[in-house]
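Trainee: what shape does this take:
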Amino acid sequence: MHDNFVLLSGCSGGGKSTLLAELRARGHHVVEEPGRRIVCEELAGDQKALPWVDPAAFARRAIEMTLADRQAARALSGWVFFDRGLIDAASALDAVTGDDALKRLCAAHRYHRRVFMAPPWPEIYVTDGERQHEFEASLVEYQRLATAIPALGYEAVTLPKTSAIARADFVLSTLSCGTI
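Mentor: Numbering: from 1, shown residues only. I've put the predicted structure just below:
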C-alpha cells in the first residue's frame with residue numbers, strides 16, 4: 001500500500017484535472033488521467049480502443065496504464081495525486097464485461113485511505129474531443145464509483161464545488177496539512 005498515493009475520482013467533468021493543475025502548481029507530484037491519454041493516442045492511431053468504439057478494450061488499456069503509472073510513482077516522495085486510477089478503470093471494465101477485476105486488482109494496489117470524489121457539477125461540465133459522452137453518462141459513472149469506493153474500504157470524501165484553489169486547500173487540509 002502507498003499511503004502517499006491519493007486518488008481523485010468521481011464524475012467526469014467535475015473539475016479533477018483543474019484541481020490537479022493547482023496541486024502541481026503547489027509542487028506536488030501528479031499523474032494525469034489515463035483515459036484522456038489513451039483517447040489522444042487512439043485518435044492518432046488505429047482508434048480501436050476508444051471508449052465509444054470498444055469500452056472493454058479502453059478499460060483494459062486504462063488498467064495497464066494505471067498499473068504502469070503506479071509503478072513509476074513508487075520512486076516519488078511526498079503526496080502523489082492521481083487523476084483517476086485503478087478503481088475507475090477496473091470498475092469500468094466490470095461494468096461492460098462483468099469481469100471481477102475491481103476486487104481482484106484493487107485489493108493488491110491500494111491508495112491512501114481517503115479518496116476524493118468530484119461530485120456531478122453540470123454548471124462546469126463540457127464535452128470535447130476526448131470526452132464525448134453526455135452529462136447523464138457521467139452521472140451513471142459517478143454512481144458506480146460512489147458505490148465501489150466505500151465497498152473497497154476507502155473513505156469517500158466529496159470535493160466542494162468551489163475554486164481549484166479552495167479545493168486544493170481542502171484536499172491538503174484533509175490530508176493533515178499536506179504531510180505524510
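
Trainee: show me what contacts residue 23?
Mentor: The contact partners of residue 23, taken as C-beta atoms under 8 Å, 6 or more residues apart in numbering, are 30, 79, 81, 168, 171. For every residue, glycine as well, the C-beta is placed using N, CA and C.

Trainee: so which helix or strand takes in it?
Mentor: Using DSSP states H and E, the element containing residue 23 is helix 16-25.

Trainee: same question for residue 72.
Mentor: With DSSP H and E as the test, residue 72 turns up in helix 55-73.

Trainee: quick one: mean pLDDT over that helix.
Mentor: Helix 55-73 comes out with an average pLDDT of 91.

Trainee: which helices and strands sit right next to that helix?
Mentor: strand 29-31, helix 34-44, strand 80-83, helix 86-97 (3 or more C-beta pairs under 8 Å, 6 or more residues apart in numbering; DSSP states H and E).

Trainee: who wins on neighbours among the contacts of residue 23?
Mentor: residue 81 (26 neighbours; other C-beta atoms under 10 Å).

Trainee: residues contacting that one?
Mentor: Neighbour list for residue 81: 6, 8, 20, 23, 28-31, 171 [criterion: C-beta under 8 Å, 6+ apart].

Trainee: let's see that with 6 Å instead.
Mentor: 6, 20, 23, 28, 30 (C-beta atoms under 6 Å, 6 or more residues apart in numbering).

Trainee: quick one: the first one is in a strand?
Mentor: In this case it means residue 6. Yes. Assignment of residue 6 by DSSP: H, G, I helix; E, B strand; the rest coil places it within a strand.

Trainee: beta-bridge partners for it, please?
Mentor: Counting by DSSP bridges, residue 6 forms beta bridges with residue 81.

Trainee: test my guess that it contacts residue 113.
Mentor: No. Using C-beta atoms under 6 Å, residue 6 makes no contact with residue 113, being 9.9 Å away.

Trainee: which of those two has more neighbours?
Mentor: Per other C-beta under 10 Å, whichever of residue 6 and residue 113 has more neighbours is residue 6, with 25 against 12.

Trainee: roughly how far does that one sit from residue 81?
Mentor: Distance of residue 6 to residue 81, given as C-beta to C-beta, to the nearest Å: 5 Å.

Trainee: what of residue 26?
Mentor: Remark: distance between residue 26 and residue 81 (C-beta to C-beta) = 10 Å.

Trainee: so for stretch 137-155, what gets flagged as buried?
Mentor: 138, 141-142, 144-146, 148-149, 152, 154 (16 or more other C-beta atoms under 10 Å).

Trainee: which of those fall within helices?
Mentor: Among the buried residues of stretch 137-155, the members falling in helices (DSSP state H) are 138, 141-142, 144-146, 148-149.
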